[in-house]
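Trainee: Below are the sequence and a predicted model for it; my questions follow.
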Amino acid sequence: MRTVHSSAPMNWSHCACSTRMNKMKTLQMLTLLSGLFLSATVLPAQPRVLIIRHSEKLSGWPHGEFNSFQPLSPAGVATSHALSGWLHARSIRVDTVLSSATTRTLHTAFIIAQAQNAGIGVNRALQDTSLIDAFWKQVKQDFGQDQTVLLVSHSNIIPYLLLKAGLPDSCRTEAGISQPRPDFWLLIEGYDSVWEIPARQPAPGACAGVRRYFFRRPARE
């Protein structure tokens, strides 16, 4: 048997370089896969949306044709100011406040918009569930991901705003949504909640797509 001896030394620097190149390619591939995974589990960014119910109404107001003109009670005015303080304490800057076309929602919206120096507008979808799908599309077109929009609506409309925004049915209880009986409207209760739909949404089916916060209402005398 003949042994052959190579006269050329092994090029170790070339081997080390190849190893580094392979590691770089692996890292690049992992980065690409991570990006694809994130894009598959996070929906495109949209404006940050906050939703509130109008504050407490004046009691003893006649129903029927005058219902839309029912104003806030003194307690409702105080609640609206408390909410403005809650937003300020958390450094939440509202760009636009949108309200339904009722006195109680507009009064609530005006107090917050004035404190925030924000624009104010009226949208029928905030009191008509048949318009909600088109409304959400319009919101995404009209506002950027760096903007915050606050919606002032009603106890029997807010559940449908949340569900149409992507809240799963399984998250109703967590979001504070109830239904007194099967043939009745979905409802939210109370005047101390703020619902947030973050600018960057998680994958469909996650309850985190809607966050619920509570603020402290003034004590009644």
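Mentor: Ah, there it is.
Trainee: any idea how far Gly176 is from Thr96?
Mentor: According to Cβ to Cβ, to the nearest Å, Gly176 stands 24 Å off from Thr96. For glycine as for every other residue, the C-beta is placed from the backbone atoms N, C-alpha and C.
Trainee: which residues touch the residue nearest the centre of the chain?
Mentor: When Cα atoms, centre = their mean is applied to the chain, the residue found nearest the centroid is Ile197 (0.8 Å). Counting by Cβ atoms under 8 Å, 6 or more residues apart in numbering, Ile197 makes contact with Gln46, Arg48, Val49, Leu50, Ile51, Leu162, Ala165, Gly166, Gly209, Val210.
Trainee: and the spatially closest residue to it that is not a sequence neighbour, what element?
Mentor: Nearest residue to Ile197, sequence neighbours excluded (Cβ to Cβ, 6 or more residues apart in numbering): Val49, at 4.2 Å. Here Val49, judged by DSSP states H and E, is contained in strand 48-53.
Trainee: Parallel or antiparallel, list what pairs with that strand.
Mentor: strand 148-153 (parallel), strand 193-197 (antiparallel) (DSSP bridges).
Trainee: so which of those comes closest to Val77?
Mentor: Within those, the stretch nearest Val77 is strand 148-153; the backing value is 14.0 Å (Cβ to Cβ).
Trainee: show me the contacts for Ser68.
Mentor: Ala101, Thr102, Thr103.
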